[in-house]
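Asks: need coordinates for the below:
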Amino acid sequence: TNRHDAAVVVSLFHSPLPSPSSPPVPYISTMASDKAWDDMTKLVNKFIQMPDAEPFRVEVDWKNLGLYDYPQIIKAPMDLGKVKKKLQTKGGFSTLYEVAEDVRLVWSNCMAYNADGSDFYILAQNLAKKFDDRFSKLLADHALAAPSSTVGGASSDVVSLEEKRSFAKSLYKLTKDELGKIVVTLDEKCPAALVKNATEDEVELNVDKISQEVFSEIVSYAKTCQENSLSKKAKNKNKPSTKKARVSSS
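Replies: Numbering: from 1, shown residues only. Here you go, the predicted model:
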C-alpha cells in the first residue's frame, strides 16, 4: 500500500455518542451570526481609526500624486473606506472571509507597488499582521472555521498525511466534551468518517474519510480548544497561592 493512501484512524473511547434524544450541541461553522458581523464591522472601523492607517482610508489618488504607473501595477484597487461602505451595503459581502480578503487586498496592493523595505511597505506589512491576528481571534471567539488553505490563489482540496496525523494526535489533548462536539459535527456533516459501537460507548474516526472543508473546521475547533486550555493553565499558574503558611513553634 502506498504510504500516502494509508488510513489515519483514531479510536475515541468513551466519547458521547449523538442520539436523537440528546440536546443539540454547538459546533463550529462557516456561517456568521449578526454579532459576528457587528464585531467584523467594529474591527474594520478600528483599523480605519488607527493613525498608521491614514494612507489606506481612501483610494490612492494616483493622478494627483503623479503615480502614472499605478493602474498598470495595481489591477484591483482597494481601500478601507470602500470596505466599510460595502459592509454598510446590504449584500455587499456574503461572508466574513470576503471582508477579510478585501482588507488584505489593501495591504497587498501597497506592498506590490512600493519597494520591499520602504516605509510604506513596512507599514502595510505590520498592519497586515495585526489584522490577521485580530481576524483569527474573531473567528475563534465566534466558533467560526478558519478559511481553507490556498495555493497560488486557488483552494487546495488535498489534506496531507502529516496534517491528518497531526490532527489525530491533537485529539488526545481534548476533553470528553470537546471530543463529543467533534463527533456530533462529523455525525452531521461526514457520517462516513465515523464507526460507532454503542455497546462499548466507543467511536472510531477515520480521518481519511473527512472532507477537506469539514477537516478544516474541526482542526480549527481543536486548535482553539488547546489554546484556551493553555491560557487557563497559564492563568492558574500565575495566581497567587491562597494557602496559609504553617507556623510551628518549638
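
Asks: would you mark the buried spots in the helix or strand containing residue 46?
Replies: Per DSSP states H and E, residue 46 falls inside helix 34-49. By neighbour count on 16 or more other CB atoms under 10 Å, the buried set for helix 34-49 is 36, 37, 39, 40, 43, 44, 47, 48. Quick note: C-beta positions are derived from backbone N, CA and C, even for glycine.

Asks: now do it: everything it contacts.
Replies: For helix 34-49, the surrounding residues in contact (CB atoms under 8 Å, 6 or more residues apart in numbering) are 32, 53, 57, 80-81, 83-84, 87, 96, 99, 103, 127, 130-131, 134-135, 138, 141-142, 144.

Asks: please pick the buried ones from the residues you listed.
Replies: Buried subset of these (neighbour count, 16+ other CB under 10 Å): 32, 53, 57, 80, 83-84, 87, 96, 99, 103, 127, 130-131, 135, 138, 142, 144.

Asks: state the distance from the closest residue in space to residue 204 that isn't next to it in sequence to residue 205.
Replies: Of all residues not flanking residue 204 in the chain, residue 195 sits nearest, at 4.1 Å (CB to CB, 6 or more residues apart in numbering). Computed as CB to CB, to the nearest Å, the residue 195 to residue 205 distance reads 8 Å.

Asks: more neighbours: which of these two?
Replies: residue 205 (25 against 13; other CB atoms under 10 Å).

Asks: next, the residue nearest to residue 204: secondary structure please.
Replies: strand (DSSP: H, G, I helix; E, B strand; the rest coil).

Asks: how near is it to residue 138?
Replies: Distance from residue 195 to residue 138, by CB to CB: 36 Å.

Asks: end to end, how far does stretch 190-203 reach?
Replies: Separation of the first and last residues of stretch 190-203 by CA to CA, to the nearest Å is 14 Å.
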